[in-house]
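1. Predicted model and sequence below, questions to follow.
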Amino acid sequence: MVEKNVVAPSSQKLIALLWFLRHQPGVALSIIYLVLVALAAIFGSYFFSESASIVNFASRNLPPLSLEPSWNFILGSDSLGRPTLDRLLAAAQPTVGITLTAVAIGATVGIGLGLVAGMRSGPLSAVIMRFTDALMSFPTLLLAILLLYVVKSSIGTVIVVLAVSRVALFIRVTRAETMEIRSRVYVTASQAIGAPISWITRVHLLPTLMPTLVTLLAVEIAFTMLAESSLSFIGVGVQSPGVSWGLMVAQGRDYLATQWWLAFWPGLAIVLTAMSLIVLADWMKTALDPRQKWRLQSAESNK
Amino acid sequence: MRGLPFYAAAFGLALTASSLAADAGEITIVQPAGPQTMDACQAAVSSTGRILKLNVLESLTEIDAINGGAIPRLATSWEQDTDGSWLFKLRQGVTFHDGTPLTPEAVKYSFERMLDPALSCDAYVFVFSGITVTVEAVDEETVRIVTDPVQPILPLMAEALPIVPLSTPRNEITRTPIGTGPYAFANWDTQTSVTLEAYEGYWGDKPAVTKANFVWREEASVRGAMVDVGEADIALSIGEQDSRESDVVFQSAEMSRIKINKDRPPFDDLRVRQALNYAIDRQGLIGTLVNANLQLANQVVGPSVFGYNPNLGQYEYNVEKAKALLDAARADGVPVDTPIRMISISGSSTFSNQDEVIEAVISMWKQVGLTVTNEPLEMGLFRNSIRRDNFEAGRAPTLVFSNHDNTTGDAGMSVSSRYHSSNMTADLPVGDDAIKAMDALIDSGMAAVGEERRAIFQEILRQQHEEVVTEVWMFQMVNIIRVSDRIAYEPNARTNAVIELSDISFK
Amino acid sequence: MLQFILRRTLSGALSLAVLITLIFFFARLSGNPTDLYLPQDVSEVVRNQIAEERGFNEPVLTQFGKFLSDLSRGDLGQSLRFARPAIDVVTEAMPTTLTLAALAIPIATVLALIIGSLAAMRPDGVFDRIATGTSLAASALPDFWLAIVGILVFAVSLRWLPTSGMGTPLHWVLPVAILVFRPLGILVQVFRTSMISVLSADYIRAAQAKGVRQTTIVMRHALPNAIIPMLMVVAYQSAGILNGAIVIEVIFGLPGVGRLMLDSIVFRDFNLLQAVVVVTAVAIFAVTALADVLHALIDPRINHG
């Protein structure tokens, strides 16, 4: 105990990190990887979009571990001689941008409608739920394609389309959870003493919903990334000259027998992102243990 | 414990053995897409036509795949009468697969059925629309075909119209086609395969292949793999990346080209259109991005088509010249630096690596100072946006990455559809007078026959290449197919549309 | 309960009506199919004549009215591309997709039960880490990538399996295996989590204290309780299997409804699209409604609207 006070705050953090690495290696690695992805998303296209688009037939079809003509060919190059590493880094921003925006829109709308449908049981709720069921019984991939045929394909529409295709799940989960929480004693009690719905939502519902929604968000980000890649496979979605990991995998599929690395690296990036998010979500769910959460809330509402 | 793996392995052995023991005369052909219909009516669609044409169904004539023009099939000879009508002499001793003989009545019935606008058959839509056709029997072995207006190349057009027996339903699409070909239609297994079997009563030589299965897979790598492992004998359209030494490469009738919509500046300026051509190192793409066997294109049709002009030059790769032309245009106030858009069909199969080809071309234009952005469109949107009546006012100057396939063997179809103002997707010269002159020239070519016809088409193609500079000419395309070791097959320019099973022999 | 089932069926029918209406209008917004069916070279006269004949030039509302009146007579119209009744095309394609689903879903469920139970017996143990890690990775792989690599490895290099197509039981191995991966990752997660929470319940603890064998505890006591939330997820995953089926059917050349839906959108074969949506949506509503009814039977507290 005494020792601990002597240690400088920075190395204290380092020790905490080391402890974390030792006891939660999966979570720690996930966080590190996601931070790297975030950095690539913020700076990648700024530094690499130029070098990722220069066509140079002299350096085409280089296999991974090539250090000639320069170090950025370490992951190989494509048939136009563009370095895969640079393309991967440049593609991080559109990939992450599209996915996060789509999930953010889908989640906001979905959670909002889900809360409405869960809090009120009237015609509005019925209408929302019939639309949700209708959306859910149509394959999301086809929904996306149909929408992309109606509106002209661009980054913006890809985002909207992915968002629309994820909305239904958020509505359903939020509504189910809301109805379950609503039936809990303390919520019923608040309603009985005439508390406004907005107040109940803010104080009781959202905090209790959070763990579920955070998990769902992480998984949805992962699957939206995959859905984006499937759209590219079908030939809608992000299109060349735009670039995204999903598009890179889809374009690389023609080269799987000869230049496997073209589809492998972006595929790996997607898989690792998805896995990191799911591991992290799993850990956060445990960390945000509902029982402790409940105790915190009751303390708060007692004030 | 002998678990599932054991049985699976035993089953696998049995399966391999059975596939080896397959009938010696049986082959399997895998194509990119499955047929939607099995009627002579839709034989122009390649997924259907490849199976039916010249195998199950025959027409009065067929196209000479090497020299263009019509050669005899069900008709042994033909001549044009003084009134412009045509007399076709029918081959004797020909029977349909249902046993009935080929008669003038059957020919008459086939023409009436196929040209009925209500059925909107391919022969009507592609070839005979706007023409009144009457067929009459002259005697037991001769038919007279009267057309209004007079058709100078009717024998060639007759190729598009398969002859079917009187038992074919008149007003509906059949799923069990009957013809006179060397193979009889045997089975169409709910969308997984079509089987043809050799027809005993065929009038011509007996083919080596006795039974043929057509199957379909969308992925090129899967098609190639099927030949590798012995599941198929011929795989069509192998991707450039997957192709190897032993694959068969052949010239197809397809031409890849980039259309220049001249409705918006700077493309109304001739120098800019020339610069577009000079700026591209096509030779540099051959063997690196596109197949090493590709030939440079300089017109909309290939050498096997009647009317092809062998005397045209090429726009050689010349960056300095391209820059100089653009500078000159810029000095005259032409908005050369306007952002340009190029539309293309997303996921198109013209090039198996279309995205890369387009990016390479765009980067070459960038070197001479042109800013072009690729805009891949889904097929439906693409087809809509290339129509002149859908052009939006104030749109960006537009290039169209596309291809043109002429399987008719006559340049008439190409020049009238690509360069005549009556077609909403045609590429027109700049200015009303130039458009009118071109239309008139095409009209005169369509009405002419023989060497005169050839000369006019050649003149049209020369003007398009040298004076109008209507497009960016890319390549005469090739097609790659993979053929198994056990068979010998020599493809030709029409293999995309027709695979004549009689051409296949066993080694 | 009967009232609940009735209400559930009614709401399903309403959702179906909403879906069909949405699809009908969205499909028509996506463009006139005339240009897709005719070559670019076709003359304008023929183009207009054919659009007229097929009714594409009629106002959309008129088309919708005709669609509704045909539908009420059970007629879903002719497929434009196949030139035969759309419903026939759909019923021919149904068995393929049903077979895919009927193989993939139970296999994924059983595998998830096994892996999930084993993993939950020792949470954070070596097996747990490896099993959950692998199943997650597998479900995070793009399925078209997995399919093509699978063909290259198992059919071309090893020659254990046929590349694609149908015909023998062996032909189903690769497509089903790939279809299993996506739901498997999720199901393992769901089942592992609910298994862990059940295993930490008091009565299980008590049984453990009494010295009952761990396997017996898992099989006899924990499994039945943990399986309920799992079944709900299974139901919704079955509905979602169509997504995977589209890609799988395209690559393996299987003539199922997934690729039929895709093609009907790509080629603007509206009647076929409507027919296939009606058929699949009814199937999906049936599955989810069944799951809801089962859920309500098991857990009467929850009131599904």
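-> Cool, got the structure. Numbering: from 1, shown residues only, chains lettered A, B, ... in the order given.
2. Would you map the helices across the chain?
-> In the absence of a named chain, this looks at chain A. A:2-6, A:9-23, A:25-48, A:84-119, A:123-136, A:140-150, A:155-182, A:185-192, A:197-200, A:206-234, A:245-252, A:261-287, A:290-302 (DSSP state H).
3. Switch to chain C, please.
-> Under DSSP H, chain C gives helices at C:2-29, C:34-37, C:44-54, C:60-72, C:86-121, C:126-139, C:143-150, C:170-199, C:202-209, C:214-216, C:223-252, C:257-266, C:270-298.
4. out of those, which comes closest to residue A:57?
-> helix C:143-150 (26.4 Å; CB to CB). Quick note: C-beta positions are derived from backbone N, CA and C, even for glycine.
5. who's in contact with that closest one?
-> Under the criterion CB atoms under 8 Å, 6 or more residues apart in numbering or on different chains, residues A:230, A:233, A:249-250, A:253, A:256, A:263, A:267, B:219, B:221-222, C:138, C:174-175, C:177-179, C:181-182, C:244, C:247-248, C:251-252 lie in contact with helix C:143-150.
6. Could you single out the most deeply buried of the helices of chain C?
-> helix C:257-266 (a mean of 26; mean count of other CB atoms under 10 Å in any protein chain shown).
7. Other residues contacting it?
-> Contacts of helix C:257-266 (CB under 8 Å, 6+ apart): A:139, A:142, A:145-146, A:149, A:234, B:378-380, C:27, C:30, C:79, C:81, C:89-90, C:93-94, C:96-97, C:242, C:245-250, C:269-270, C:272-273, C:276-277, C:279-280.
8. average pLDDT across that helix?
-> Mean pLDDT, helix C:257-266: 87.
9. Just the angle for that helix relative to helix C:2-29, thanks.
-> 40 degrees (axes from the mean of the first three to the mean of the last three CA atoms, to 10 degrees).
10. what about dumping the CA coordinates of helix C:257-266 to PDB?
-> Extracted C-alpha coordinates of helix C:257-266, given in PDB (Å, rounded to 0.1, in the frame of the first residue of the first chain):
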ATOM      1  CA  VAL C 257     -35.400 -19.000 -53.800                       C
ATOM      2  CA  GLY C 258     -32.600 -16.900 -52.600                       C
ATOM      3  CA  ARG C 259     -31.100 -16.500 -56.000                       C
ATOM      4  CA  LEU C 260     -34.500 -16.300 -57.500                       C
ATOM      5  CA  MET C 261     -35.200 -13.300 -55.300                       C
ATOM      6  CA  LEU C 262     -31.900 -11.700 -56.300                       C
ATOM      7  CA  ASP C 263     -32.500 -12.300 -60.000                       C
ATOM      8  CA  SER C 264     -36.000 -11.100 -59.900                       C
ATOM      9  CA  ILE C 265     -34.800  -7.800 -58.500                       C
ATOM     10  CA  VAL C 266     -31.800  -7.500 -60.900                       C
END
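11. Alongside chain A, which residues does the stretch 51-200 of chain C contribute?
-> C:129, C:133, C:136-137, C:140-145, C:148-149, C:152, C:156, C:186, C:189 (CB under 8 Å from any CB of the partner chain).
12. from these, which single one is nearest residue B:214?
-> residue C:156 (21.9 Å).
13. The closest one and residue B:228 touch, don't they?
-> Yes - between residue C:156 and residue B:228 there is a contact at 5.9 Å, judged by CB atoms under 8 Å.
14. Would you mind naming what in chain A lies close to chain B?
-> So chain A meets chain B at A:53-55, A:57, A:60, A:78-80, A:148-149, A:152-153, A:234-236, A:239-241, A:251, A:253-259 (CB under 8 Å from any CB).
15. Let's see that with 10 Å instead.
-> Contacts of chain A with chain B, taken as CB under 10 Å from any CB of the partner chain, map to A:53-57, A:60-61, A:78-82, A:145, A:148-150, A:152-154, A:232-237, A:239-242, A:247, A:250-251, A:253-259, A:262.
16. shaky segments in chain B?
-> B:1-22, B:190-191, B:347-350, B:493 (pLDDT under 70).
17. Could you check which residue of it lies nearest chain C?
-> Relative to chain C, the nearest point of chain B is residue B:417 (3.4 Å; CB to the nearest CB).
18. Which helix or which strand is home to that residue?
-> Using DSSP states H and E, residue B:417 falls within helix B:411-419.
19. Ok, residue B:478 next?
-> Going by DSSP H and E, residue B:478 is part of strand B:471-483.
20. Compute the inter-axis angle for that strand and helix B:411-419.
-> Using the same axes, to 10 degrees: strand B:471-483 against helix B:411-419 is 130 degrees.
21. list the helices and strands the helix or strand following strand B:471-483 packs on?
-> Sequence-wise, the next helix or strand downstream of strand B:471-483 (DSSP H and E) is strand B:487-488. Packing partners of strand B:487-488 (3 or more CB pairs under 10 Å, 6 or more residues apart in numbering or on different chains; DSSP states H and E): strand B:505-506.
22. Can you list the neighbours in contact with the strand it packs on?
-> Applying CB atoms under 10 Å, 6 or more residues apart in numbering or on different chains, the contact partners of strand B:505-506 are B:24, B:25, B:27, B:207, B:208, B:209, B:233, B:486, B:487, B:488, B:489, B:490.
23. Which single one of those residues is nearest to residue B:368?
-> Nearest to residue B:368 among those, with distances taken as CB to CB, is residue B:490, at 42.2 Å.
24. which residues sit in contact with the residue nearest to residue B:152 when sequence neighbours are not counted?
-> Spatial nearest neighbour of residue B:152, chain neighbours left out: residue B:449 (4.0 Å); criterion: CB to CB, 6 or more residues apart in numbering or on different chains. Residue B:449 sits next to B:80, B:151, B:152, B:153 when contact means CB under 10 Å, 6+ apart.
25. which one of the residues you listed is nearest chain A?
-> residue B:153 (38.1 Å).
26. The closest one: neighbour count?
-> 20 (other CB atoms under 10 Å in any protein chain shown).
27. Not counting residues beside it along the chain, what's closest to it?
-> residue B:410 (6.0 Å).
28. Count the neighbours of that neighbour for me.
-> Residue B:410 has 24 nearby residues by other CB under 10 Å.
29. I'd guessed it sits against residue B:67; true?
-> No - using CB atoms under 10 Å, residue B:410 is not in contact with residue B:67; the gap is 11.7 Å.
30. overlap in contacts of those two?
-> Joint contacts of residue B:410 and residue B:67 (CB under 10 Å, 6+ apart) are B:305, B:306.
31. if I pick the residue lying closest to residue A:45 once chain neighbours are set aside, what's in contact with it?
-> Leaving aside its sequence neighbours, residue A:45 sits nearest to residue A:93 (CB to CB, 6+ apart; 4.3 Å). By CB under 10 Å, 6+ apart, the contact list for residue A:93 reads A:40, A:41, A:42, A:43, A:44, A:45, A:46, A:48, A:49, A:243, A:244.
32. Taking the centroid of chain C, which residue is nearest it?
-> residue C:241 (2.4 Å; CA atoms, centre = their mean).
33. Isn't that residue up against residue C:99?
-> No - contact criterion CB under 10 Å: residue C:241 and residue C:99 do not qualify, at 11.7 Å.
34. ok, which stretches of chain B are helices?
-> Under DSSP H, chain B gives helices at B:4-20, B:46-52, B:104-114, B:122, B:154-157, B:220-228, B:270-278, B:282-285, B:319-331, B:354-367, B:379-385, B:411-419, B:432-447, B:450-462.
35. Tell me which of the ones you listed sits nearest to residue C:63.
-> helix B:379-385 (17.6 Å).
36. Can you list the helices and strands that the closest one packs against?
-> helix A:140-150, strand B:340-345, strand B:372-377, strand B:398-405, helix C:34-37, helix C:257-266.
37. who touches that helix?
-> By CB under 10 Å, 6+ apart, helix B:379-385 touches A:148-150, A:152-153, A:235, B:343-348, B:375-377, B:390-392, B:395, B:398, B:400-402, B:425, C:30-40, C:265-268.
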